[in-house]
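Participant: This is a predicted model, with the sequence first.
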Amino acid sequence: MCSRYSIALARQVRAVAFRLIYYTFLGLLMGGICFEVGLTGYTARENAGYIFFSIIFLFLGSMVASARRTTRYMCIYQRERFNRWYSSFSFYLAKMLAELPVEIIMSVPFASITYFMSGNPANLVYFVHIALCDVTT
């Protein structure tokens, strides 16, 4: 079942391109809101706010996309659940596992744009920590 969603995602080139544009736009928006927050060491509270709001932006962005895709598969889900082929847990688990690589790939441009627009130091370790916080949402 997971392979069906992977194949469906691979066939939807426009949808994936739109999601990349969407995450880039969100990155520019969030970078504009938190522009040059991390220039000084005195802004730990603003950096914490930047991390918190970037996680919220990514969470809400992925939830909107997930809600749109779930309605598309409802007729398939209802038919196959009625036939007792699988449970709702396996349906949503397969859907989440199939979309996980796409979500990781889409969150990296967002993290890169917001990190450098917020004026945080060009430190690889710090960037990886921030990007992992964004990717794990």
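Facilitator: Right, received. Where do you want to start?
Participant: next one: phi and psi at the residue sitting furthest away from the middle of the chain?
Facilitator: Residue farthest from the centre of the chain, counting by C-alpha atoms, centre = their mean, is Asn83 at 33.0 Å. In terms of degrees, to the nearest 10, the main-chain angles of Asn83 are phi -80, psi 0.
Participant: Model confidence at it, what's the number?
Facilitator: Note on Asn83: pLDDT of 75.
Participant: do Ala94 as well
Facilitator: For Ala94, pLDDT reads 77.
Participant: Identify the residue spatially nearest to Phe53, adjacent ones excluded.
Facilitator: Met30 (6.7 Å; C-beta to C-beta, 6 or more residues apart in numbering). Just so you know, the C-beta spots here come from the backbone N, C-alpha and C atoms, and that holds for glycine as well.
Participant: sec struct for that neighbour, please.
Facilitator: The three-state label given to Met30 by DSSP: H, G, I helix; E, B strand; the rest coil is helix.
Participant: Next, count neighbours for it.
Facilitator: 22 (other C-beta atoms under 10 Å).
Participant: if I pick it, what's in contact with it?
Facilitator: Met30 makes contact with Phe53, Ser54, Phe57, Phe110, Ile113, Thr114, Met117, according to C-beta atoms under 8 Å, 6 or more residues apart in numbering.
Participant: Just the residues you listed: which are in helices?
Facilitator: Phe53, Ser54, Phe57, Phe110, Ile113, Thr114, Met117 (DSSP state H).
Participant: Tell me how far the third one lies from Tyr23.
Facilitator: Going back to what we said before, that points to Phe57. Distance, Phe57 to Tyr23, using C-beta to C-beta, to the nearest Å: 9 Å.
Participant: tell me the secondary structure for Leu39?
Facilitator: coil.
Participant: Can you check the pLDDT for it?
Facilitator: 71.
Participant: same question, Gly27
Facilitator: Predicted confidence (pLDDT) for Gly27: 86.
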